[in-house]
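> sequence first, then the predicted structure, then my questions.
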Amino acid sequence: MTLRIGLTYDLKSDYLAMGFSSEAAAEFDKEETVEGIEHALAEFGYAVDRIGHIRALTERLAAGDRWDLVFNIAEGVAGYAREAQVPALLEAYDIPYTGSDPLTLSVSHHKGFTKQVVAGAGVGTAPFALVTVSSDIDRVTMPFPLFVKPVSEGTGKGINAGSRVTSRDELISQCRYVLETFSQPALVETYLPGREFTAGVVGSAGRAHVIGAMEICSSDGAESHAYTFFNKENYESVIRYAPVTDSQLTKAIEDVCLPAWDALGGRDFCRMDLRADAAGRLSFIEVNALPGLNPLHSDLPIICRQQGIPYATLIGRVVDSARKRYRL
């Protein structure tokens, strides 16, 4: 019997048409991403049914439609738990789906909660504080330089050339920018000056593996100190991705990624960011439990391409991981 797979997603063009700015719509997907996943699933003989965003899913469920499995990349729109909305709805209807459950997606989308969980599991991460209101800035006592970013955004949103702060005035200014622009707390953490990496993980907690990793190297014209929104949007001209091939470095990356993924109870796939301190020790930065899957431009497919792993194989491995969990 052919497995019928539904596909849930948020299209960037839909939200731009609603008046969202390019930064506000940065996490949503392009048509080429949906097409890429659809074609990859078809290569494995699956029958693919496009569903769309959560409201379309709600209408389909109310009409009685059901699927053997849903391949979910829907980011959601509002709230810290926005990535968890589609999975929660699918669980209410007892429909299997790819990716992490609502708990993991909610925790991992709040960078402060995520760091508390992984630190509690003994995974190294930079000291941090949360600034929920302006008066909280007075309680930030960590030594400079510090790094400031929104607590619950992806794709580099809210990270810019001013995110690295070296004085109290800069700290106040950047925290206020985050509070006012994104209407959410600012995460303030000790700035790590070393090399930066992003790694792909496939599989669920307890039986996952690092599929590959790459170093984020800045070129002329890049914003310094971090993998900022500008750098991500213009990566082809200002960023160089260097595949990690050294076995010792690979092991160090695995020693951060896999315990962190286990602690979070993650499922099927993710992308994890790491950075080194002045002594070269790697620390957990954050995890994207619903990473971008644009065949050409998203980091996880780029990592796979560097490792000689075809895009369709990546999609197939995600489905295989979900099928094993559900015993489909």
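Looks like it arrived, so ask away. Numbers count the residues shown, from 1 in each chain.

> average pLDDT for the longest strand anywhere in the chain?
Ranked by residue count, the top strand of the chain under DSSP state E comes out as strand 209-218. Mean per-residue pLDDT for strand 209-218: 96.

> list the buried residues in that strand.
Buried residues in strand 209-218, counting neighbours by 16 or more other CB atoms under 10 Å, are found at 210-214, 216, 218. Placement of C-beta: from N, CA and C, glycine included.

> got it, and stretch 105-121?
Residues 105-115, 117-119 are the ones in stretch 105-121 that count as buried (16+ other CB under 10 Å).

> for residue 144, see how far away residue 265 is.
35 Å (CB to CB, to the nearest Å).

> can you tell me which of the buried residues of stretch 105-121 is closest to residue 304?
Within the buried residues of stretch 105-121, the smallest distance to residue 304 is 21.0 Å, found for residue 108 (CB to CB).

> OK, contacts around that closest one?
Residue 108 sits next to 100, 114, 264, 266, 270, 287-289 when contact means CB atoms under 8 Å, 6 or more residues apart in numbering.

> just to be sure, which of those residues are found in helices?
Within those, residues falling in helices by DSSP state H are 114, 264.

> what sits against residue 98?
Counted by CB under 8 Å, 6+ apart, residue 98 has contacts 69-72, 268-269, 318-319, 321-322.

> most surrounded residue in those residues?
When neighbours are counted by other CB atoms under 10 Å, residue 269 leads the contacts of residue 98 with 28 neighbours.

> mind listing what that residue touches?
98-99, 200-203, 291, 300, 317-318, 321.

> neighbours of the residue nearest to residue 232 when sequence neighbours are not counted, how many?
With sequence-adjacent residues excluded and distances taken as CB to CB, 6 or more residues apart in numbering, residue 232 is closest to residue 156, at 4.4 Å. By other CB under 10 Å, the residues close to residue 156 number 21.

> beta partners of residue 196?
residue 275 (DSSP bridges).

> use 25 as the first number from now on
Understood, numbering begins at 25; the last thing we discussed is residue 220.

> mind checking the SS state of the residue nearest to residue 256?
Judged by DSSP: H, G, I helix; E, B strand; the rest coil, the three-state class of residue 180 is coil.

> coming back round to it: want to throw the contacts of residue 132 into a markdown table with pLDDT?
What follows is those, written out as a markdown table (pLDDT from 0 to 100):
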| residue | pLDDT |
| --- | --- |
| 124 | 98 |
| 138 | 98 |
| 288 | 98 |
| 290 | 98 |
| 294 | 98 |
| 311 | 98 |
| 312 | 96 |
| 313 | 97 |
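
> can you list which of the contacts of residue 132 are found in strands?
Reading strands off the contacts of residue 132 with DSSP E, I get 294, 311-312.

> ok, the residue nearest to residue 256 to residue 219 distance?
18 Å.

> try residue 230
On the measure of CB to CB, residue 230 and residue 219 end up 29 Å apart.

> neighbour count winner among those two?
Shown here are residue 230 and residue 219; by other CB under 10 Å, residue 219 has more neighbours (15 against 10).

> which parts of this structure are strands?
Under DSSP E, the chain gives strands at 28-32, 71-76, 93-96, 152-155, 170-174, 188-189, 210-214, 220-226, 233-242, 263-267, 293-300, 306-312.

> what are the pairing partners of the fourth one, and which direction each?
Using DSSP bridges, the strands paired with strand 152-155 in its sheet are strand 210-214 (antiparallel).

> same check on the second one?
Taking DSSP bridges as the criterion, strand 71-76 forms sheet pairs with strand 28-32 (parallel).

> if I look at the spatially closest residue to residue 74 that is not a sequence neighbour, how far off is residue 173?
Spatial nearest neighbour of residue 74, excluding adjacent residues (CB to CB, 6+ apart): residue 31 at 5.2 Å. The spacing between residue 31 and residue 173, counted by CB to CB, is 31 Å.

> these two: which has the busier surroundings?
Neighbour count, other CB under 10 Å: between residue 31 and residue 173, residue 173 has more, with 24 against 19.

> list the contacts of the nearest residue to the more buried one once chain neighbours are set aside.
What sits nearest to residue 173 in space, not counting adjacent residues and going by CB to CB, 6+ apart, is residue 183, at 5.0 Å. The neighbourhood of residue 183, defined by CB under 8 Å, 6+ apart, consists of 173, 250-253.
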